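> no letters, just coordinates:
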């Protein structure tokens, strides 16, 4: 958009908003994210280079032993939904 910003002026969420509006991010989380690229998206407050971290987790974990499943589930919930986990992700 021809706007120059510092990283403190820009918002990372703006890139996600632009990607969702543009259909870059799949609407269904089971679809492939292999072609998701959030580089240099438009928007007045969008940071021009953005990367996303994500986990690939099998949809069928029935063969996993219950203890390992519980640890995996707790870790994913901590990272993705807990206030503490989200704060650490931003550090």
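Arrived safely. Just so it is clear, the model here is predicted, and its values are computed rather than measured. Numbers count the residues shown, from 1 in each chain.
> okay, now residue 41: neighbour count?
Counted with other CB atoms under 10 Å, the neighbours of residue 41 add up to 21. Quick note: C-beta positions are derived from backbone N, CA and C, even for glycine.
> name the element it belongs to?
Secondary structure assignment for residue 41, by DSSP states H and E: no helix or strand.
> tell me who's in contact with it.
Shown in contact with residue 41 (CB atoms under 8 Å, 6 or more residues apart in numbering): 14, 15, 18, 19, 22, 24, 48, 50.
> quick one: the spatially most central residue of the chain from residue 61, how far?
The residue lying closest to the centre of the chain (CA atoms, centre = their mean) is residue 52, at 4.7 Å. Applying CB to CB, to the nearest Å, the value for residue 52 to residue 61 is 23 Å.
> who touches residue 17 in this structure?
Listed by CB under 8 Å, 6+ apart, the contact set of residue 17 reads residue 43.
> and after the helix or strand encompassing it, which helix or strand comes next?
Element membership of residue 17, judged by DSSP H and E, is helix 12-22. Going down the chain from helix 12-22, the next helix or strand is helix 66-81, by DSSP H and E.
> same question for that following helix, mean pLDDT?
Across helix 66-81, the average pLDDT comes to 93.
> repeat for stretch 13-26
The average pLDDT within stretch 13-26 is 84.
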